[in-house]
Structures are given as structure tokens and as C-alpha cells.
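*Asks:* Compute the structure for the input listed below.
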Amino acid sequence: MKKIISHENYRNAIDDLITVIKGSGVIFNKVYGVPRGGYYPATVIAQAAVVPVILDEAKIDADTLIVDDLIDSGKTVGELQKKHPLAKFATVFGKP
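*Replies:* Modelled structure (predicted):
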């Protein structure tokens with residue numbers, strides 16, 4: 001079943017994620033948005049943290065927060081974790 005959310009709901013979910021990130025003590029100095037869905041939340045998080053967004057996956061390192069909009073099957077995040085095991089990860093929504 002599809003669930004429709006408004007832009008306001010999506011932005012509120014990103015703001016909630018920012019609160020979780022700030023409370024977690026995770027330290028990062030740049031944000032990488034997973035292509036397509038991760039771009040928007042990555043820019044909002046980067047703006048809140050006052051750090052740059054990087055677009056080049058080759059620049060991901062231990063000081064990078066990788067952001068995606070949704071974990072569906074887990075395949076994308078799994079591949080990124082294998083390539084960049086020291087990076088941190090955050091997602092706006094996860095499939096139950």
C-alpha cells in the first residue's frame with residue numbers, strides 16, 4: 001500500500017532526523033546525499049550543521065554523513081557501507 005505524505009510532513013521528518021543526529025553525538029564535517037532521494041535531506045542537514053554537501057562519492061571518508069531518503073530493501077546502504085565503512089549513515093524513513 002502506498003502512503004502519500006506532504007512536503008510539510010517530509011520536512012518535519014527531516015527536522016526530526018536532525019534532532020536525532022544532534023543528540024547522538026555523531027561528528028561529521030560534510031554530507032553526501034545518495035543520488036536522487038538523498039539530495040534534498042542532505043542539503044537540509046548540511047545547512048543545519050553548517051557543513052558542505054559533497055556530490056562526488058569518491059570524496060566520502062570517515063568524516064562524512066551519508067544521507068538517503070528511504071531504506072527500502074537495504075541494498076543501496078549495504079553497498080555504500082561496503083565501499084565506505086568508516087562513514088556515518090542517516091535515513092529519513094525506513095521500511096518496517
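*Asks:* So which residue is smack in the middle of this structure?
*Replies:* Note on the chain: the residue nearest the mean C-alpha position is residue 67, at 1.5 Å, using CA atoms, centre = their mean.
*Asks:* I'd say residue 39 and residue 33 touch.
*Replies:* Yes. Assessed by CB atoms under 8 Å, residue 39 is found in contact with residue 33 at 4.2 Å. In this view, the C-beta of every residue, glycine as well, is placed from N, C-alpha and C.
*Asks:* more neighbours, the two?
*Replies:* For residue 39 versus residue 33, neighbours defined as other CB atoms under 10 Å are more numerous around residue 33 (23 against 17).
*Asks:* Backbone dihedrals for the more buried one, both of them.
*Replies:* phi -90, psi 130 (degrees, to the nearest 10).
*Asks:* returning to that earlier point: now do the residue nearest to the centre of the chain against residue 4, distance only.
*Replies:* Separation of residue 67 from residue 4 (CB to CB, to the nearest Å): 22 Å.
*Asks:* Equivalent analysis for residue 81, please.
*Replies:* From residue 81 to residue 4 the distance is 30 Å (CB to CB).
*Asks:* If you count surrounding residues, which of the two has more?
*Replies:* More neighbours surround residue 81 than the other of residue 81 and residue 4, with 14 against 5 (other CB under 10 Å).
*Asks:* tell me the secondary structure for that one?
*Replies:* Three-state call for residue 81 (DSSP: H, G, I helix; E, B strand; the rest coil): helix.
*Asks:* mind listing what it touches?
*Replies:* Listed by CB atoms under 8 Å, 6 or more residues apart in numbering, the contact set of residue 81 reads 87, 89.
*Asks:* Kindly recompute the last result at 7 Å.
*Replies:* residue 89 (CB atoms under 7 Å, 6 or more residues apart in numbering).
*Asks:* ok, now the one 10 residues further on?
*Replies:* Contacts for residue 91 (CB under 7 Å, 6+ apart) come out as 68, 70, 71.
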